[in-house]
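[1] sequence and predicted structure are below.
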Protein chains: 2
Amino acid sequence: MSAAPQRREEILATAAEVFAAQGYNATTVREIADAAGMLAGSLYYHFDSKESMLDEILSTFLDELWARYDAVLAAGLGPRETLEALVIESFREIDRHRAAVAIYQRESKHLLAQPRFGYLAGSQAQFEKAWLGTLERGVATEAFRADLDIRLTYRFVRDTVWVAASWYRPDGPSSAEEIAGQYLSTVLEGIAPRA
Amino acid sequence: MSAAPQRREEILATAAEVFAAQGYNATTVREIADAAGMLAGSLYYHFDSKESMLDEILSTFLDELWARYDAVLAAGLGPRETLEALVIESFREIDRHRAAVAIYQRESKHLLAQPRFGYLAGSQAQFEKAWLGTLERGVATEAFRADLDIRLTYRFVRDTVWVAASWYRPDGPSSAEEIAGQYLSTVLEGIAPRA
DNA sequence: CTCCTTCCCTAACAAGTGTTTGGTAGGTTA
DNA sequence: TAACCTACCAAACACTTGTTAGGGAAGGAG
């Protein structure tokens, strides 16, 4: 479909930053064009519409995310190791596609209604399946506490991981791996000292 | 200023729901009016502007939130009990002002720039002070683990608590207190079984 | 009955929106 | 040189946006 040369991806990255900073609806194509050093109409040489840009940003991100997730899930690890690997890959994905993750987090809920973005629902379902399955497996094998509310725990973990995209900065004091480590330590061991 | 009779607050609650569901910018005054059973122009009998509605929704919510938070902070509890009380009050606030919390979570970041919403920055600073202080006190008194990254932990806790507003439903299977309990159990003790 | 207030409607406005059309400078190919 | 493709600009388009102005129905107060 799109033998995307460098200029196209440059514009896409710029658009993603503006979308992430201001929100999709609050961003005008004139602002995107301005940030890319061109005029609004010129964007339409590269893209069909503003919506197409959003679509391409999100689907590119999800494709890469699922490549990593599938690799983890196919590795045959135990539940605790699977959870650790998923969290680490998630933070790495935030590191690589910070803007896309922020956009996804913010817009996916109401985009689900549009047929064009129906694939977001599929991705969300797979996502839930992967995490819930890992947690269930962990409870069954006594790798996790038996009294966990699985669905609540899933939501807590999911939210906390992805929301990090709103404050994470690649040039910040902590690397993605360090943040993942601290987070895993919190979730697995708790913040109260072990007796 | 506003001796708000019932109709006004009715409209405000409706607007909050629509803002929370679609986002502030993506919501038109015609949609709000429609949901309230009137025409767009009629809203301006009750409110100066669309922005005024947003302002009133957020400031009302923050006023009530801080009344509860201040009570907790003034109670002279230990760090662990303070953290527990703050989390419980937060989930109760989500229960009462679900829409407002969702809007705050979604829009506050870019509203901070506007002078009219400058009070959001103040509230955010107080918020950070309250949570960071509690965590620091907990580490100092050995109520919490000594190797915690305080700032990261603060962000994790803050995000996870407030993001719940995007999926919590008052008529759902778990009450605000039950969710708070499960969450506190996760954060304090961890999901791995204690030896 | 008349006056006045409350609450809403009708109809329009100006500004901003995403998008389209036609044109054009510069480089590449033949 | 001529033809062509790429990447952009200039100017406009139809539409939606938040907002305003004037009017009118309903009901209580005098």
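    In hand now; what should we look at?
[2] A:Ala180 - how many residues pack around it?
    24 (other CB atoms under 10 Å in any protein chain shown). For glycine as for every other residue, the C-beta is placed from the backbone atoms N, C-alpha and C.
[3] lowest confidence element among the helices and strands of chain A?
    Counting by mean pLDDT, DSSP states H and E, the weakest-scoring helix or strand in chain A turns out to be helix A:150-163, with a mean of 91.
[4] grab the most central residue of chain A for me.
    A centroid search over chain A (CA atoms, centre = their mean) returns A:Val101, at 3.9 Å, as the residue closest to the centre.
[5] if we can go back for a sec, following element in sequence after the least confident helix or strand of chain A, please.
    Once the chain leaves helix A:150-163, the next helix or strand it forms, by DSSP states H and E, is helix A:176-189.
[6] what residues does chain A put near DNA strand D?
    Contacts of chain A with DNA strand D, taken as CB under 7 Å from any atom of the strand, map to A:5, A:7, A:33, A:37-42, A:45-46.
[7] buried subset of these as a ChimeraX selection?
    Buried members of the residues of chain A next to DNA strand D, defined by 16 or more other CB atoms under 10 Å in any protein chain shown, are picked up in ChimeraX with:
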select /A:33,46
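[8] in helices, which of the residues of chain A next to DNA strand D appear?
    Within those, residues falling in helices by DSSP state H are A:7, A:33, A:45-46.
[9] mean confidence for the helix or strand A:Gln124 falls within?
    Taking DSSP H and E as the criterion, A:Gln124 maps to helix A:119-140. For helix A:119-140, the mean pLDDT works out to 96.
[10] quick check: buried residues in it?
    A:120, A:123-124, A:127, A:130-131, A:134-135, A:137-139.
[11] go on, stretch A:5-19?
    Counting neighbours by 16+ other CB under 10 Å, one finds that the buried residues in stretch A:5-19 are A:11-12, A:14-19.
[12] hmm, back to that, quick check, nearest of the buried residues of helix A:119-140 to B:Ser52?
    A:Leu120 (33.5 Å; CB to CB).
[13] contacts only, for A:Phe156.
    Shown in contact with A:Phe156 (CB atoms under 8 Å, 6 or more residues apart in numbering or on different chains): B:160, B:183, B:186.
[14] from these, which are also near chain A?
    Here is what survives when the contacts of A:Phe156 are matched to chain A using CB under 8 Å from any CB of the partner chain: B:160, B:183, B:186.
[15] for the last one, list the residues it contacts.
    Listed by CB under 8 Å, 6+ apart, the contact partners of B:Thr186 are A:148, A:153, A:156, A:187, A:190.
[16] can you tell me the closest non-neighbouring residue to the fourth one?
    The shortest distance from A:Val187 to any residue other than its chain neighbours is 5.8 Å, reached at B:Ile191 (CB to CB, 6 or more residues apart in numbering or on different chains).
[17] tell me which of the contacts of B:Thr186 is nearest to DNA strand D?
    Checking these against DNA strand D with CB to the nearest atom of the strand, the nearest one is A:Phe156 at 34.1 Å.
[18] ok, back up a step: in helices, which of the buried residues of stretch A:5-19 appear?
    Per DSSP H, those map to helices at A:11-12, A:14-19.
[19] next, format those residues as TSV and append pLDDT.
    Shown next, in TSV, are those (pLDDT from 0 to 100):
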residue	pLDDT
A:Ile11	96
A:Leu12	96
A:Thr14	97
A:Ala15	97
A:Ala16	98
A:Glu17	97
A:Val18	97
A:Phe19	97
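[20] relative to DNA strand D, which of those is nearest.
    A:Ile11 (7.3 Å).
[21] tell me how far the closest one lies from B:His46.
    43 Å (CB to CB, to the nearest Å).
[22] same check, this time on A:Ser59
    Here A:Ser59 is placed at a distance of 42 Å from B:His46 (CB to CB).
[23] residues touching the closest residue to A:Arg7 other than its chain neighbours, list them.
    Computed as CB to CB, 6+ apart, the closest residue to A:Arg7 that is not its neighbour in sequence is A:His46, at 7.2 Å. Residues near A:His46 by CB under 8 Å, 6+ apart: A:7-8, A:11.
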